[in-house]
Every structure is written in structure tokens, then in C-alpha cells.
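Engineer: pasted the sequence and its predicted model underneath.
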Amino acid sequence: MNEELQSWLDTLAALAEEDLAAQNAVRDEALKASRELIRLCSHAIRAGHRDEWDAAESLLADADAVGGTLQASLAPYPGLMYAGYTQDALKELVEAHVTLALISGRSLPSVEAAGIPLNTYLNGVCEAASELRRRCLDGLRQGRFDEAERLLGAMDMVYEVLMSFGYPDAITRGLRRRVDQLRGVLERTRGDITNSLQMMQLRRTLEALDATLPDRD
């Protein structure tokens, strides 16, 4: 019996060692890829805000390549595929695609083609909506009020849809918290745009009034 047990344990240990070593190697590569994916997405969004569209598209293409390789390498390992660091990186990829599409007015990405879990996708869309605040404020500073109002409308639409998901955080990966944060960002942005438009109207009124006054010279 002891010999049989020892043989059985040796077989188990050998198989487990091979499998766990392979998973550990894949995990190490996944962590590197996840960090690289987040970096590329962040730089792509930054380039888009600066209207450096060639750079943004190049960075996004690199991000897509890294994301595709990451998903393919983890397909045999569901535990690693759905680990927090993997899904966070894929969430950043969604955020980059949606943010750049919305600020440029280009076509939105295909949801099905991404192959990203929908709860992760929803979180990425939510963060993209929050990211639009920066573009709105840039537009206000540069007098692009129409663009700021367009993006505010997009933020509002995203919020209205995302707030309808009332499932537990364990299912939505913390979507409710992000939607609550988006609501705060949305209201601050709405207030900033409203104040800027009111100031613009006041300035125009004062300029028009000044033009009707007689020359004091």
C-alpha cells in the first residue's frame, strides 16, 4: 500500500509541478502584458486629447496587439484570464477605444469583436465617459462650446444606460461604484459648462450694451 501511495503521490507531484510551473510562467507574462497594455492605452488617450491622432491610432493599434496576445495566451487558463489585473487591463483597452471614438466623432468599436467580458466592457465605457470631462474643460477654455455640449450629452447617455444595471458588484465588477463616480463627474461638468455659457452670454450682452452707448470722448 505504501509503495502504491508513494507512486501515486510522485505522479501527482510531477503533474502538478508541470502544470503550476506553466501557469506561473504564463502569469508572469500576463502581468507584464497587462502593465504594457495599460501604459499604451493611457498614452493613446493622452495623444487624443492633444489631437495627435496619428500617434493615438498607432498607440491604440499596439494596444490591440498586446490585448489580443494577452487574451490568446490566457485562454487555456480561465483563472488567470478573469484575474483582476487582466480584466483591469482589458477595461483600459475599452476605455481607450471608446474615449477616442467619442472625442473624435468616429465610429464606436464593435462590442462583439473585442471578445472582452461584458461586465469589464461596461466598466471601461463608464471610465471613458468620465474621461470626457477633460475634453469638455479643454473645449471650454478654447471656446469650443458646441463640442463641450456634445460630449456632455454623450456622458449623460452613458450614465442613463449604466445606472440601469442594478446587479451585485460580484457580477458587475464594481460597476455601481464607478457609475456613482460618473454621476459626480457629470454634474460637475454640467455646472462648468452652464457657468461658462452664462458668462459668455453676459459678456455678449455687455458688449452689445457698450456698443449702444455714446462715445465719451
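Structural biologist: Looks like it came in fine. Computed from a predicted structure; not experimentally measured. Numbers count the residues shown, from 1 in each chain.
Engineer: ranges for the strands of the protein?
Structural biologist: Along the chain, counting by DSSP state E, no stretch forms strands.
Engineer: quick one: the helices in it?
Structural biologist: In the chain, the helices defined using DSSP state H lie at 2-49, 53-74, 78-81, 84-104, 111-114, 118-141, 145-162, 169-172, 175-212.
Engineer: got those helices as JSON lines, with mean pLDDT columns?
Structural biologist: Rendered in JSON lines, the data for the helices of the chain read as follows (pLDDT from 0 to 100):
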{"stretch": "helix 2-49", "mean pLDDT": "95"}
{"stretch": "helix 53-74", "mean pLDDT": "96"}
{"stretch": "helix 78-81", "mean pLDDT": "94"}
{"stretch": "helix 84-104", "mean pLDDT": "97"}
{"stretch": "helix 111-114", "mean pLDDT": "86"}
{"stretch": "helix 118-141", "mean pLDDT": "96"}
{"stretch": "helix 145-162", "mean pLDDT": "96"}
{"stretch": "helix 169-172", "mean pLDDT": "93"}
{"stretch": "helix 175-212", "mean pLDDT": "85"}
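Engineer: any chance of those in CSV, with mean neighbour count too?
Structural biologist: Quick note: C-beta positions are derived from backbone N, CA and C, even for glycine. As requested, those are arranged in CSV below (neighbours: other CB atoms under 10 Å):
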stretch, mean neighbour count
helix 2-49, 14
helix 53-74, 17
helix 78-81, 14
helix 84-104, 22
helix 111-114, 12
helix 118-141, 21
helix 145-162, 17
helix 169-172, 12
helix 175-212, 13
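Engineer: what sits against the closest residue to residue 85 other than its chain neighbours?
Structural biologist: Once flanking residues are discounted, residue 85 sits nearest to residue 34: 4.9 Å by CB to CB, 6 or more residues apart in numbering. Applying CB atoms under 8 Å, 6 or more residues apart in numbering, one finds that residue 34 lies in contact with 70, 85, 86, 88, 89.
Engineer: how close does residue 175 sit to residue 158?
Structural biologist: Remark: distance between residue 175 and residue 158 (CB to CB, to the nearest Å) = 12 Å.
Engineer: list residues touching both of the two?
Structural biologist: Common neighbours of residue 175 and residue 158, counting by CB under 8 Å, 6+ apart, are residue 126.
Engineer: now stretch 115-131: how far from the chain's centre is it?
Structural biologist: A distance of 6 Å separates the centroid of the chain from that of stretch 115-131, by CA atoms, centre = their mean, to the nearest Å.
Engineer: residues contacting it, please?
Structural biologist: So stretch 115-131 is contacted by 45, 71, 82, 87, 90-96, 98-99, 102, 111, 114, 154-155, 158-159, 162, 165, 171-175, 178-179, 181-182, 185-186 (CB under 8 Å, 6+ apart).
Engineer: most widely separated two among the contacts of residue 34?
Structural biologist: Put simply, by CB to CB the two of those set farthest apart are 70 and 88, 11.7 Å from each other.
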